[in-house]
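Student: Attaching a predicted model along with its sequence, questions to come.
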Amino acid sequence: MRFLLVIVVLAAGAALAWWQFEDRIPRHWHPGEPLAVDDPLTPITKWKLRRLADDRDGCLAALATAPEDGLHFTPLDDHEPAPGCPLENVVRVHGSGVDFNASFVASCPLALAWVLFERQRLQPAAEAVMGSRVDSIEHYGSFACRHVYGRESGRLSEHATAEALDVAAFHMADGRRVRLLDHWNDEGERGEFLHEIRDGACDLFGNVLGPDYNAAHADHFHFGMRGFRLCR
(Lines give C-alpha, C1' and ligand atoms only; values in the text may rest on other atoms or scores of the structure.)
Protein backbone atom coordinates (compact mmCIF):
# COMPACT_ATOMS: atom_id res chain seq x y z
CA MET A 1 0.00 0.00 0.00
CA ARG A 2 2.85 2.34 0.92
CA PHE A 3 4.57 1.52 -2.40
CA LEU A 4 1.40 2.41 -4.32
CA LEU A 5 1.17 5.71 -2.45
CA VAL A 6 4.75 6.53 -3.40
CA ILE A 7 3.98 5.81 -7.06
CA VAL A 8 0.92 8.07 -6.96
CA VAL A 9 2.88 10.89 -5.33
CA LEU A 10 5.71 10.58 -7.87
CA ALA A 11 3.24 10.54 -10.78
CA ALA A 12 1.48 13.62 -9.43
CA GLY A 13 4.81 15.38 -9.02
CA ALA A 14 5.84 14.50 -12.57
CA ALA A 15 2.51 15.74 -13.92
CA LEU A 16 2.86 19.02 -12.03
CA ALA A 17 6.44 19.48 -13.26
CA TRP A 18 5.38 18.82 -16.87
CA TRP A 19 2.46 21.24 -16.55
CA GLN A 20 4.76 23.97 -15.28
CA PHE A 21 7.33 23.23 -17.99
CA GLU A 22 4.74 23.00 -20.78
CA ASP A 23 3.34 26.38 -19.83
CA ARG A 24 6.72 27.93 -20.62
CA ILE A 25 7.22 26.34 -24.07
CA PRO A 26 6.84 28.96 -26.85
CA ARG A 27 3.91 28.09 -29.13
CA HIS A 28 6.16 27.65 -32.16
CA TRP A 29 8.09 24.94 -30.29
CA HIS A 30 5.04 23.33 -28.69
CA PRO A 31 3.82 20.30 -30.70
CA GLY A 32 0.33 20.64 -29.27
CA GLU A 33 -0.19 24.29 -30.20
CA PRO A 34 -1.89 25.09 -33.53
CA LEU A 35 0.22 26.46 -36.36
CA ALA A 36 0.02 30.11 -37.40
CA VAL A 37 1.60 31.56 -40.53
CA ASP A 38 3.81 34.05 -38.71
CA ASP A 39 5.08 31.63 -36.07
CA PRO A 40 8.90 31.50 -36.25
CA LEU A 41 10.01 28.38 -38.11
CA THR A 42 11.39 25.50 -36.06
CA PRO A 43 11.86 21.76 -36.71
CA ILE A 44 8.40 21.36 -35.15
CA THR A 45 6.83 23.43 -37.96
CA LYS A 46 7.26 20.73 -40.58
CA TRP A 47 5.85 18.12 -38.19
CA LYS A 48 2.79 20.30 -37.62
CA LEU A 49 2.30 20.66 -41.37
CA ARG A 50 2.36 16.90 -41.87
CA ARG A 51 -0.17 16.41 -39.09
CA LEU A 52 -2.61 18.77 -40.82
CA ALA A 53 -2.90 16.45 -43.83
CA ASP A 54 -5.70 14.61 -41.99
CA ASP A 55 -7.12 17.64 -40.20
CA ARG A 56 -9.16 19.79 -42.56
CA ASP A 57 -10.57 22.08 -39.87
CA GLY A 58 -7.19 22.57 -38.23
CA CYS A 59 -5.53 23.33 -41.56
CA LEU A 60 -8.20 25.84 -42.60
CA ALA A 61 -7.88 27.49 -39.19
CA ALA A 62 -4.12 27.81 -39.75
CA LEU A 63 -4.69 29.33 -43.21
CA ALA A 64 -7.08 31.82 -41.62
CA THR A 65 -4.21 33.21 -39.53
CA ALA A 66 -2.72 34.79 -42.67
CA PRO A 67 -3.25 38.57 -42.93
CA GLU A 68 -6.17 39.68 -45.05
CA ASP A 69 -3.93 40.43 -48.04
CA GLY A 70 -1.67 37.43 -47.39
CA LEU A 71 -3.78 34.67 -48.93
CA HIS A 72 -6.87 34.37 -51.10
CA PHE A 73 -8.25 30.85 -51.28
CA THR A 74 -11.45 28.85 -51.60
CA PRO A 75 -11.95 25.60 -49.66
CA LEU A 76 -13.07 22.77 -51.96
CA ASP A 77 -15.15 19.69 -51.24
CA ASP A 78 -13.46 16.33 -51.60
CA HIS A 79 -13.85 15.27 -55.23
CA GLU A 80 -12.33 13.14 -57.98
CA PRO A 81 -11.48 15.37 -60.97
CA ALA A 82 -9.94 12.43 -62.84
CA PRO A 83 -10.44 8.68 -62.44
CA GLY A 84 -8.04 7.26 -59.89
CA CYS A 85 -7.01 10.63 -58.48
CA PRO A 86 -9.38 11.64 -55.68
CA LEU A 87 -8.60 14.89 -53.92
CA GLU A 88 -9.15 15.39 -50.19
CA ASN A 89 -8.54 18.36 -47.91
CA VAL A 90 -7.84 20.72 -50.81
CA VAL A 91 -8.26 24.41 -51.54
CA ARG A 92 -7.98 26.60 -54.62
CA VAL A 93 -5.32 29.27 -54.19
CA HIS A 94 -6.17 32.46 -56.08
CA GLY A 95 -3.34 34.62 -54.77
CA SER A 96 -1.25 35.38 -51.74
CA GLY A 97 1.20 38.16 -51.04
CA VAL A 98 2.19 37.58 -54.67
CA ASP A 99 0.18 37.18 -57.86
CA PHE A 100 0.16 33.89 -59.77
CA ASN A 101 -0.08 33.38 -63.53
CA ALA A 102 -3.06 31.11 -62.74
CA SER A 103 -4.94 29.91 -59.69
CA PHE A 104 -4.20 26.35 -58.62
CA VAL A 105 -5.64 23.52 -56.55
CA ALA A 106 -3.47 22.52 -53.61
CA SER A 107 -3.73 20.26 -50.62
CA CYS A 108 -4.41 22.46 -47.64
CA PRO A 109 -0.98 21.74 -46.09
CA LEU A 110 0.71 22.64 -49.39
CA ALA A 111 -1.11 25.99 -49.47
CA LEU A 112 -0.09 26.60 -45.87
CA ALA A 113 3.53 25.62 -46.54
CA TRP A 114 3.59 28.02 -49.49
CA VAL A 115 2.39 30.97 -47.39
CA LEU A 116 4.93 30.19 -44.66
CA PHE A 117 7.67 29.91 -47.28
CA GLU A 118 6.63 33.10 -49.02
CA ARG A 119 6.49 35.19 -45.88
CA GLN A 120 9.46 33.76 -44.00
CA ARG A 121 11.91 32.60 -46.66
CA LEU A 122 11.07 33.89 -50.16
CA GLN A 123 10.45 37.59 -49.49
CA PRO A 124 13.28 38.01 -46.96
CA ALA A 125 15.69 36.41 -49.47
CA ALA A 126 14.38 38.64 -52.26
CA GLU A 127 14.93 41.78 -50.22
CA ALA A 128 18.35 40.70 -48.95
CA VAL A 129 19.77 39.48 -52.27
CA MET A 130 17.81 41.29 -54.97
CA GLY A 131 16.93 44.46 -53.08
CA SER A 132 13.30 44.07 -54.20
CA ARG A 133 10.32 41.98 -53.20
CA VAL A 134 8.77 39.29 -55.37
CA ASP A 135 5.66 40.62 -57.05
CA SER A 136 4.41 37.58 -58.98
CA ILE A 137 5.12 33.91 -59.67
CA GLU A 138 5.07 31.81 -62.82
CA HIS A 139 4.15 28.20 -62.10
CA TYR A 140 3.44 25.09 -64.16
CA GLY A 141 0.60 23.93 -61.95
CA SER A 142 -0.07 21.64 -59.04
CA PHE A 143 -2.64 18.97 -59.89
CA ALA A 144 -2.04 16.43 -62.65
CA CYS A 145 -3.41 12.90 -62.51
CA ARG A 146 -0.28 11.03 -63.58
CA HIS A 147 2.50 8.74 -62.48
CA VAL A 148 5.97 10.02 -61.61
CA TYR A 149 7.64 11.53 -64.71
CA GLY A 150 4.50 10.74 -66.72
CA ARG A 151 5.29 7.03 -66.88
CA GLU A 152 2.54 4.61 -67.80
CA SER A 153 2.80 2.77 -64.48
CA GLY A 154 4.44 2.98 -61.09
CA ARG A 155 3.73 5.21 -58.15
CA LEU A 156 1.54 8.24 -58.54
CA SER A 157 3.18 11.64 -58.59
CA GLU A 158 2.61 14.12 -55.76
CA HIS A 159 0.80 16.13 -58.40
CA ALA A 160 -1.88 13.43 -58.54
CA THR A 161 -2.95 14.46 -55.02
CA ALA A 162 -2.24 18.20 -55.45
CA GLU A 163 0.62 17.96 -52.96
CA ALA A 164 3.22 19.70 -55.12
CA LEU A 165 3.64 22.98 -56.97
CA ASP A 166 6.10 23.53 -59.84
CA VAL A 167 7.50 27.07 -59.92
CA ALA A 168 9.44 28.33 -62.94
CA ALA A 169 10.08 32.05 -62.48
CA PHE A 170 9.87 35.00 -60.12
CA HIS A 171 8.96 38.55 -61.11
CA MET A 172 10.39 41.26 -58.89
CA ALA A 173 8.56 44.45 -57.95
CA ASP A 174 11.28 46.47 -59.72
CA GLY A 175 10.52 44.73 -63.04
CA ARG A 176 13.31 42.13 -63.13
CA ARG A 177 12.52 38.49 -63.89
CA VAL A 178 14.38 35.53 -62.40
CA ARG A 179 13.89 32.32 -64.38
CA LEU A 180 15.35 28.97 -63.36
CA LEU A 181 16.15 27.89 -66.90
CA ASP A 182 18.15 31.08 -67.48
CA HIS A 183 19.58 31.97 -64.09
CA TRP A 184 20.23 28.86 -61.99
CA ASN A 185 23.91 28.94 -62.94
CA ASP A 186 24.11 32.74 -63.00
CA GLU A 187 27.09 33.91 -60.96
CA GLY A 188 25.35 37.14 -60.00
CA GLU A 189 22.51 37.96 -57.68
CA ARG A 190 19.86 36.08 -59.68
CA GLY A 191 21.68 32.78 -59.23
CA GLU A 192 22.37 33.55 -55.58
CA PHE A 193 18.70 34.32 -55.03
CA LEU A 194 17.55 31.04 -56.57
CA HIS A 195 19.96 28.99 -54.48
CA GLU A 196 18.96 30.89 -51.35
CA ILE A 197 15.27 30.22 -51.79
CA ARG A 198 15.88 26.57 -52.71
CA ASP A 199 17.68 26.10 -49.41
CA GLY A 200 15.03 28.06 -47.49
CA ALA A 201 12.20 26.03 -48.96
CA CYS A 202 13.72 22.87 -47.53
CA ASP A 203 12.81 24.10 -44.04
CA LEU A 204 9.14 23.67 -44.94
CA PHE A 205 8.50 21.30 -47.82
CA GLY A 206 9.09 17.57 -47.60
CA ASN A 207 11.06 17.67 -50.85
CA VAL A 208 12.44 20.46 -53.00
CA LEU A 209 13.71 19.42 -56.42
CA GLY A 210 15.43 21.68 -58.92
CA PRO A 211 18.13 21.74 -61.60
CA ASP A 212 20.65 19.98 -59.35
CA TYR A 213 18.31 17.01 -59.03
CA ASN A 214 17.93 15.97 -62.67
CA ALA A 215 17.27 17.28 -66.17
CA ALA A 216 13.51 16.98 -65.75
CA HIS A 217 13.69 19.80 -63.20
CA ALA A 218 16.05 22.05 -65.14
CA ASP A 219 13.40 24.73 -65.59
CA HIS A 220 11.48 24.65 -62.30
CA PHE A 221 11.43 24.03 -58.60
CA HIS A 222 9.20 21.18 -57.46
CA PHE A 223 7.89 22.04 -54.00
CA GLY A 224 6.34 18.83 -52.61
CA MET A 225 4.90 17.76 -49.29
CA ARG A 226 5.99 14.11 -49.14
CA GLY A 227 9.15 13.01 -47.39
CA PHE A 228 10.96 15.08 -44.81
CA ARG A 229 14.05 16.77 -46.28
CA LEU A 230 15.07 15.86 -49.81
CA CYS A 231 16.66 19.09 -50.94
CA ARG A 232 18.37 19.14 -54.34
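Tutor: On my side now, so go ahead.
Student: Could you use CA atoms for every contact and neighbour count after this?
Tutor: Noted.
Student: Shouldn't Trp181 be within a helix?
Tutor: Heads up, residue 181 is Leu, not Trp. Yes: Leu181: assigned to a helix according to DSSP: H, G, I helix; E, B strand; the rest coil.
Student: which one is it nearest to, not counting chain neighbours?
Tutor: In this structure, Leu181 finds its nearest non-sequential neighbour in Asp219, 4.4 Å apart by CA to CA, 6 or more residues apart in numbering.
Student: which ones are touching that neighbour?
Tutor: Counting by CA atoms under 8 Å, 6 or more residues apart in numbering, Asp219 touches Ala168, Arg179, Leu180, Leu181, Gly210, Pro211.
Student: Can you read off the pLDDT for the closest residue to His94 other than its chain neighbours?
Tutor: In space, His94 comes closest to Ser103 once its chain neighbours are excluded; the distance is 4.6 Å by CA to CA, 6+ apart. What the model reports for Ser103 is a pLDDT of 98.
Student: Below-threshold pLDDT in the chain: ranges please.
Tutor: 1-23, 150, 153 (pLDDT under 70).
Student: Could I get the full set of strands for it?
Tutor: 71-76, 79-82, 85-87, 90-96, 99-100, 104-107, 134-141, 164-172, 177-179, 207-209, 221-224, 230-231 (DSSP state E).
Student: Pull the contacting residues for the closest residue to Leu52 other than its chain neighbours.
Tutor: Spatial nearest neighbour of Leu52, chain neighbours left out: Cys59 (5.5 Å); criterion: CA to CA, 6+ apart. Counting by CA under 8 Å, 6+ apart, Cys59 touches Leu52, Ala53, Cys108, Pro109, Leu112.
Student: residues contacting the nearest residue to the third one once chain neighbours are set aside?
Tutor: The spatial neighbour of Cys108 that comes closest, neighbours along the chain excluded (CA to CA, 6+ apart), is Val90 at 5.0 Å. Val90 sits next to Pro75, Leu76, Asp77, Asp78, Val105, Ala106, Ser107, Cys108, Ala162 when contact means CA under 8 Å, 6+ apart.
Student: Give me the buried entries from the residues you listed.
Tutor: Listed as buried from the contacts of Val90 are Pro75, Leu76, Val105, Ala106, Ser107, Cys108, Ala162; burial here means 16 or more other CA atoms under 10 Å.
Student: So in terms of bridging, what pairs with the fifth one?
Tutor: Using DSSP bridges, the beta-bridge partners of Ser107 come out as Val90.
Student: Surely it is in contact with Val91?
Tutor: Yes: Ser107 is within contact range of Val91, at 6.2 Å (criterion: CA atoms under 8 Å).
Student: Residues in a beta bridge with Ser136, which ones?
Tutor: Asp99, His171.
Student: Distance check, it against Glu88.
Tutor: Ser136 sits at a distance of 27 Å from Glu88 (criterion: CA to CA, to the nearest Å).
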